[in-house]
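J.: Sequence plus the predicted model coming up.
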Amino acid sequence: MAISHCVIPDTQIKPGVRTDHLDWISGFIRQHRPGVIVQLGDWYDMVSLNSYERGKKAAEGRRVDKDINAGNTALFRLMKHWPRSYSPRLVFLLGNHEYRISRYLQDYPELEGTIGYHQFAFAQRGWQVVPFLQPIKIDGVLYCHYFCRNADGKVLQSKSGQASAKAQVQREHMSCTSGHKQGYDHHIHEVFGGRHHGIIAGSCYLHKENYLTAQGNDHWNGIVYKQGVKNGDYQELSFISLDQLKRDFG
């Protein structure tokens, strides 16, 4: 039986940013009731653990508990109006921003147990939590925050992932969807008996990221909706922008 997947790209939630779009996404989910919902990672920005800004003026006032509370509050906002009878498969992929906690604990192991992934609300709310860079296959589609295989088939590009959806799908040899990179990219690779889809979609937020500058912030933000998913192919594929979601559900 073919099923639908709703894919929520990186939200990079942190204290002080707008989360109105989660109401719009929630409305879309209530209306369409996809059988699977996948969040591609970087739900939590974890800006307090940004190693590039640690010790600098920009990091003043940042706190780990505030970062986690912001992400947890946003998750409740997304799910609070879903009908009790609605029970999709929920999958949350840890991204490199959540992985900042693991890297921090490598430097400060005495804090093990004090901070950690156990503070994230996803597992408490019924989501399957998938470790950072561990792919998971659902209905013939491989999902991961990003994919690390190089042109020779070796897993070496562990810091940035693929440059394009075309490279991603050709190197994984199956339909594969990732986040991490802003905007969206889609490539269809024709194979005997069907099609493989490569998708990179890594932005689903309303705020601007200062490090990207004005030019870098001019990218697509939205969700991905796959209808009739079976053996890695889709009957219909939609990239739905936040602007469209606002018009329909705002």
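T.: Sure, I can see it.

J.: Next, find the distance separating Leu78 from Ser26.
T.: 5 Å (CB to CB, to the nearest Å). For glycine as for every other residue, the C-beta is placed from the backbone atoms N, C-alpha and C.

J.: any shared contact partners between the two?
T.: Here Leu78 and Ser26 have no joint contacts, going by CB atoms under 8 Å, 6 or more residues apart in numbering.

J.: So for these two, which sits in the more crowded spot?
T.: More crowded of Leu78 and Ser26, by other CB atoms under 10 Å: Leu78, with 21 against 18.

J.: Show me where the chain has its helices.
T.: 21-32, 64-79, 100-107, 165-172, 213-216, 242-249 (DSSP state H).

J.: now these in CSV, with distance to His5 and mean pLDDT?
T.: Below are those laid out as CSV (distance: least, CB to CB, whole Å; pLDDT from 0 to 100):
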stretch, distance to His5, mean pLDDT
helix 21-32, 11, 98
helix 64-79, 16, 97
helix 100-107, 27, 93
helix 165-172, 16, 96
helix 213-216, 28, 62
helix 242-249, 17, 98
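
J.: So which of those helices is the most surrounded?
T.: helix 165-172 (a mean of 21; mean count of other CB atoms under 10 Å).

J.: what's the spacing between that helix and its chain's center?
T.: Chain-centre distance of helix 165-172: 18 Å, with CA atoms, centre = their mean, to the nearest Å.

J.: cool, stretch 180-196 as well?
T.: 17 Å.

J.: State the mean pLDDT of it.
T.: Average pLDDT, stretch 180-196: 93.

J.: same check, this time on stretch 130-138
T.: Per-residue scores along stretch 130-138 average to 97.

J.: Restrict that stretch to CA atoms and write it as CSV.
T.: This file holds the C-alpha atoms of stretch 130-138, laid out as CSV (Å, rounded to 0.1, in the frame of the first residue of the first chain):
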residue,chain,number,x,y,z
VAL,A,130,17.7,8.5,14.8
PRO,A,131,21.4,9.2,15.6
PHE,A,132,23.4,11.8,13.7
LEU,A,133,24.4,10.5,10.2
GLN,A,134,22.7,7.1,10.7
PRO,A,135,20.5,6.6,7.6
ILE,A,136,17.0,5.1,8.0
LYS,A,137,15.1,3.5,5.1
ILE,A,138,11.3,4.1,5.0
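
J.: How about residues contacting it?
T.: By CB under 8 Å, 6+ apart, the list of residues contacting stretch 130-138 reads 5, 36, 38, 41, 89, 91-96, 98-99, 102, 142-148, 158, 176, 229.

J.: Over to stretch 16-34?
T.: Contacts of stretch 16-34 (CB under 8 Å, 6+ apart): 3-6, 8, 11, 13, 37, 70, 73-74, 77-83, 86, 88, 204-207, 221, 223, 225, 240, 242, 245-246, 248-250.

J.: The same query, at a cut-off of 6 Å, please.
T.: 4, 6, 74, 77-78, 81, 86, 206-207, 242, 245-246, 249-250 (CB atoms under 6 Å, 6 or more residues apart in numbering).

J.: likewise stretch 200-207?
T.: 8-12, 17-18, 21, 165, 178-182, 184-185, 219, 221, 224.

J.: Mark which of these are buried, thanks.
T.: Among those, those buried by neighbour count (16 or more other CB atoms under 10 Å) are 8-12, 17, 21, 165, 178-182, 184-185, 221, 224.

J.: Excluding covalently adjacent residues, which one is nearest to the spatially most central residue of the chain?
T.: The chain has Leu40 as the residue nearest its centroid, 2.3 Å off, counting by CA atoms, centre = their mean. Once flanking residues are discounted, Leu40 sits nearest to Gly179: 3.2 Å by CB to CB, 6 or more residues apart in numbering.
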